[in-house]
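Enquirer: sequence and predicted structure are below.
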Amino acid sequence: MEGGYLLGIDIGGTKCAVVLGDKNGTIYRRYAFPTREQGGPYEVIEKIIETVGKILDELSVDIENVNSIGISCGGPLDTKRGLILSPPNLPGWDEIPIVDILKDRFKKDVFIENDANACAVAEWKFGAGRGCNNMIFLTFGTGLGAGLILNGRLYRGASDMAGEVGHIRLAPDGPVGYGKAGSFEGFCSGGGIAQLARDEIISRLRRGEKVAFCPTEEKAQTITAADVGLSASQGDPVAIHILQTSGRYLGMGLAILVDILNPERIILGGIFARCREFIQPAAEEALKAEALPSSYRACEILPAGLGERIGDLASLCVAMGIV
């Protein structure tokens with residue numbers, strides 16, 4: 001293929017991925033690495049640059065044949081100035097001028113977009129959101145953010161902060177997410193589910209109950225959402241209860257979005273897509289109870305259609321300029 005290549009960079013709190021693809025969503029090569037094992041932001045950016053070079057070398061692609069570079073990253077961001085502005089899942093990433101750094105290095109157009117917005121566009125163009133004029137995408141991963149497609153357009157808001165639904169408070173207290181106890185992100189994110197699990201397990205152990213998948217308080221301190229999901233899939237009743245609790249709060253949060261925005265579809269990625277059988281029934285029950293009936297009936301709740309490819313395709317959508 002002569003020319004027409006796109007480079008996509010997906011920066012998450014847990015991992016970063018670098019892909020070479022094209023406007024059709026074809027991915028020719030992909031490498032991922034843990035974000036936090038690389039040190040601070042500038043070490044991660046150096047690793048990204050190194051990985052781009054590795055991909056181009058392996059495929060014998062000259063940088064001149066790359067049209068543009070897209071970065072999908074958790075917000076808040078300043079997309080106009082190309083800055084990453086202290087995302088809660090990337091501690092220490094304070095006003096990082098990543099766009100200028102990559103422009104200077106590769107002499108290519110570089111674009112950056114909030115990961116929830118980028119994923120919303122990817123699902124809208126390639127996945128479960130095709131054919132929609134009004135849809136919401138929720139990340140439900142390391143953190144919780146929303147991308148909003150309203151009247152057939154991505155909605156960013158007055159200062160690029162539209163869709164930061166993880167900051168909504170759903171309860172007076174509870175797991176901490178986005179710096180706020182009882183927040184939507186606190187109940188519906190990887191870190192939030194880990195906190196729910198820790199508190200639930202310790203409470204049960206102190207009442208003299210047994211928890212098969214986590215028998216000690218010491219182990220509870222290091223429990224992860226992945227541990228909970230795996231144990232739920234193996235039938236552990238406590239793990240299932242924890243995911244159902246997250247699901248109930250998810251439904252409460254979705255009801256707020258449904259009542260305000262009246263979408264046709266809400267598409268959820270990450271943990272929801274992987275643990276749907278345990279989370280969705282509880283979420284649907286709470287959503288039906290809380291939302292306006294006509295708005296509830298008009299809205300479908302779906303897992304991300306792109307599955308684990310969503311972050312890669314999201315970054316390519318940014319490079320294409322679709323967002």
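Expert: Sure, I can see it. Note that the structure is predicted; figures quoted are calculated from it, not measured.
Enquirer: in this protein, which residue sits furthest out from the middle?
Expert: Going by C-alpha atoms, centre = their mean, the residue of the chain most distant from its centre is Gly208, 37.0 Å out.
Enquirer: dihedrals phi and psi, that one?
Expert: Gly208 adopts backbone torsions of phi 90, psi 10, taken as degrees, to the nearest 10.
Enquirer: ok, now how distant is it from Leu85?
Expert: 47 Å (C-beta to C-beta, to the nearest Å). The way it works is simple: take the backbone N, C-alpha and C, and place the C-beta from them, glycine included.
Enquirer: cool, and Phe272?
Expert: 26 Å.
Enquirer: neighbour count for these two, which is higher?
Expert: Neighbours of Phe272 and Leu85, each counted by other C-beta atoms under 10 Å, are more numerous for Phe272; the result is 27 against 16.
Enquirer: leaving out chain neighbours, which residue sits closest to the more buried one?
Expert: Sequence neighbours aside, Phe140 is the residue nearest to Phe272 in space, at 4.5 Å (criterion: C-beta to C-beta, 6 or more residues apart in numbering).
Enquirer: what residue is smack in the middle of this protein?
Expert: Thr139 (3.2 Å).
Enquirer: please name the residues that touch Pro312.
Expert: Not Pro; residue 312 is Asp. Gly8, Asp10, Ala17, Val19, Gly21, Ile27, Arg30 (C-beta atoms under 8 Å, 6 or more residues apart in numbering).
Enquirer: switch to 6 Å and redo it
Expert: Val19, Ile27 (C-beta atoms under 6 Å, 6 or more residues apart in numbering).
Enquirer: that one belongs to a helix?
Expert: Yes - assessed with DSSP: H, G, I helix; E, B strand; the rest coil, Asp312 lies in a helix.
Enquirer: how close does it get to Leu302?
Expert: 20 Å.
Enquirer: how about the helices in the protein?
Expert: Ranges of helices in the chain, per DSSP state H, are 41-59, 98-106, 115-126, 184-187, 190-206, 217-220, 225-233, 237-261, 270-274, 276-290, 293-297, 310-320.
Enquirer: could I get the ones you listed as JSON lines with distance to Tyr178 and mean pLDDT?
Expert: Formatted as JSON lines, these follow (distance: least, C-beta to C-beta, whole Å; pLDDT from 0 to 100):
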{"stretch": "helix 41-59", "distance to Tyr178": "20", "mean pLDDT": "97"}
{"stretch": "helix 98-106", "distance to Tyr178": "21", "mean pLDDT": "97"}
{"stretch": "helix 115-126", "distance to Tyr178": "13", "mean pLDDT": "95"}
{"stretch": "helix 184-187", "distance to Tyr178": "4", "mean pLDDT": "97"}
{"stretch": "helix 190-206", "distance to Tyr178": "10", "mean pLDDT": "97"}
{"stretch": "helix 217-220", "distance to Tyr178": "23", "mean pLDDT": "96"}
{"stretch": "helix 225-233", "distance to Tyr178": "16", "mean pLDDT": "97"}
{"stretch": "helix 237-261", "distance to Tyr178": "12", "mean pLDDT": "98"}
{"stretch": "helix 270-274", "distance to Tyr178": "16", "mean pLDDT": "93"}
{"stretch": "helix 276-290", "distance to Tyr178": "19", "mean pLDDT": "98"}
{"stretch": "helix 293-297", "distance to Tyr178": "25", "mean pLDDT": "98"}
{"stretch": "helix 310-320", "distance to Tyr178": "20", "mean pLDDT": "95"}
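Enquirer: okay, now the domains of this structure?
Expert: Per the record, the chain has its domains at 5-114, 128-305, by automatic domain parsing.
Enquirer: one step back: residues near the residue nearest to Phe272, how many?
Expert: Neighbours of Phe140 (other C-beta under 10 Å): 30.
Enquirer: residue contacts, it?
Expert: So Phe140 contacts Cys188, Leu268, Gly270, Ile271, Phe272 (C-beta under 6 Å, 6+ apart).
Enquirer: quick check: it vs Gly166, distance?
Expert: Taken as C-beta to C-beta, the span from Phe140 to Gly166 is 10 Å.
Enquirer: repeat that for Asp10.
Expert: 18 Å.
Enquirer: compute the first-to-last residue distance for stretch 269-277.
Expert: 14 Å (C-alpha to C-alpha, to the nearest Å).
Enquirer: and it, what's buried?
Expert: Within stretch 269-277, the residues scored as buried using 16 or more other C-beta atoms under 10 Å are Gly269, Gly270, Ile271, Phe272, Ala273, Arg274, Cys275, Arg276.
Enquirer: count of neighbours near the closest residue to the second one other than its chain neighbours?
Expert: Distances taken as C-beta to C-beta, 6+ apart place Gly141 nearest to Gly270, at 3.6 Å, with adjacent residues excluded. Gly141 has 28 neighbouring residues, counting by other C-beta under 10 Å.
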